[in-house]
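> Here is my input, please return the structure:
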Amino acid sequence: MTTSKRTEPSAYLKAIANDNSLPIEQAALDLWLKDLQNPLRWGVRPLLQFIFAILLHLIWFFKRLPLPQFSAHNALQKLICWFCTHFVSREANLLILRHYATESNVLNFLAANSPGNEFSPVQLYPKSIAEMQQASFVEHDQQLFRLFGELGSWHHPAQPLKANELNWQHWQPVVMEQFQLTDRKTQWLDFESAHALFMCLFCLLLTREEYRDAINGFNLDQSIAIRIGDLVGNSSLREMAYNKYPHYLVGPWNLGQRFLMHGFFTEQLYAYLEKQRLAGHGQPEPAKN
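Model (predicted):
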């Protein structure tokens, strides 16, 4: 009979710690592996997800009733930022801040290299939880929808762009040292448990159309991957997208996994593009502090 130390990663976690078959920056992978070893993720999270999934569907039903719609964007974001500041673990908060940057970079790269379209770049690069008061999750979703609207229909290019033709003007590399977080002893909640608590608030404090759009925005991952794959000449990028078929709208079922896989998608596509940028010596715009 053998006993293992609580802090010792399992054989599987050790195996994936160095698996870069799908591109991902080591900093993001290290944060995720640490989050996976949070004991609350395996003990408390399943119960939270079960309870709050039921509550989420009840709120969803309530919001679909023919009643006046209401929303409270500012209250929602203030509550989320307060909760992240006091109760969400450091690694989970860093993953949230990284997600803003990775998705903004991916969208700006797509827009800058798409043919013949005027666009306004996404400027959501918060470096702290406090900055998320302005760079809200609602704004995060709306910027995605705005940009897709500006880009319009996609016309598959006959040939991909050459490395020296790629436009990195709005690219801001993710630098972990720029993130500013204050450690607190009460920050113990893992990434997925935190999301289980947030998802009911989102459904309640957004209008039914805003929330429906937000949870279906993940499905644009496939469209993003197809378009960028056409631009760089790599059709395998679409395999990174777990969320697919944006014309088929879904409800809140399986939301936790879909949300998490959206985060993986932006991390992986960002890591792929950053590697291409460094290999082609693309010069991004200096990061704004």
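> Residue 261 and residue 244, how far apart?
Going from residue 261 to residue 244 by Cβ to Cβ, to the nearest Å gives 10 Å. C-beta: built from backbone N, CA, C; applies to glycine.
> Just give the nearest non-adjacent residue to residue 204, would you?
residue 59 (5.3 Å; Cβ to Cβ, 6 or more residues apart in numbering).
> Buried ones in whichever strand or helix holds the one you found, by neighbour count?
According to DSSP states H and E, residue 59 maps onto helix 45-64. Within helix 45-64, the residues that qualify as buried are 45, 48-49, 52-53, 56, 59-60, 63, counting by 16 or more other Cβ atoms under 10 Å.
> Distance from that helix to the middle of the chain?
Here helix 45-64 is found 21 Å from its chain centre; the criterion is Cα atoms, centre = their mean, to the nearest Å.
> And stretch 210-218, by the same measure?
Here the centre of stretch 210-218 is set off from its chain's centre by 13 Å, with Cα atoms, centre = their mean.
> now what about stretch 199-208, what contacts it?
Residues from elsewhere that reach stretch 199-208, judged by Cβ atoms under 8 Å, 6 or more residues apart in numbering: 52, 55-56, 59-60, 63-64, 69-73, 75-76, 79-80, 137-138, 211, 214, 252, 255-256, 259.
> ok now do the residue nearest to residue 204, which residues does it touch?
Residue 59 touches 200, 203-204, counting by Cβ under 8 Å, 6+ apart.
> per-residue pLDDT, it?
What the model reports for residue 59 is a pLDDT of 97.
> And it, how far from residue 99?
Distance of residue 59 to residue 99, computed by Cβ to Cβ: 24 Å.
> same deal with residue 9?
Remark: distance between residue 9 and residue 99 (Cβ to Cβ) = 24 Å.
> okay, the two: which has more neighbours?
Neighbour count, other Cβ atoms under 10 Å: between residue 9 and residue 99, residue 99 has more, with 20 against 16.
> quick one: which helix or strand includes the more buried one?
Taking DSSP H and E as the criterion, the element that holds residue 99 is helix 90-113.
> What is that helix packed up against?
Judged by 3 or more Cβ pairs under 8 Å, 6 or more residues apart in numbering; DSSP states H and E, the packing partners of helix 90-113 are helix 26-36, helix 137-151, helix 191-205, helix 220-232, helix 255-280.
> Point out where this protein drops to low pLDDT.
For the chain, the stretches with pLDDT under 70 are 1-7, 117, 281-289.
> so what's residue 9 up against?
By Cβ under 8 Å, 6+ apart, the contact list for residue 9 reads 17, 33, 37.
> how about the residues you listed in CSV, adding neighbour count?
Shown next, in CSV, are the contacts of residue 9 (neighbours: other Cβ atoms under 10 Å):
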residue, neighbour count
17, 13
33, 15
37, 16
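> out of the residues you listed, who's nearest residue 183?
Nearest to residue 183 among those: residue 37, at 17.6 Å, using Cβ to Cβ.
> Nearest residue to that closest one in space, ignoring adjacent ones along the chain?
Among residues not flanking residue 37 along the chain, residue 9 sits closest, at 6.6 Å (Cβ to Cβ, 6+ apart).
> what helix or strand is the one you found on?
Using DSSP H and E, no helix or strand contains residue 9.
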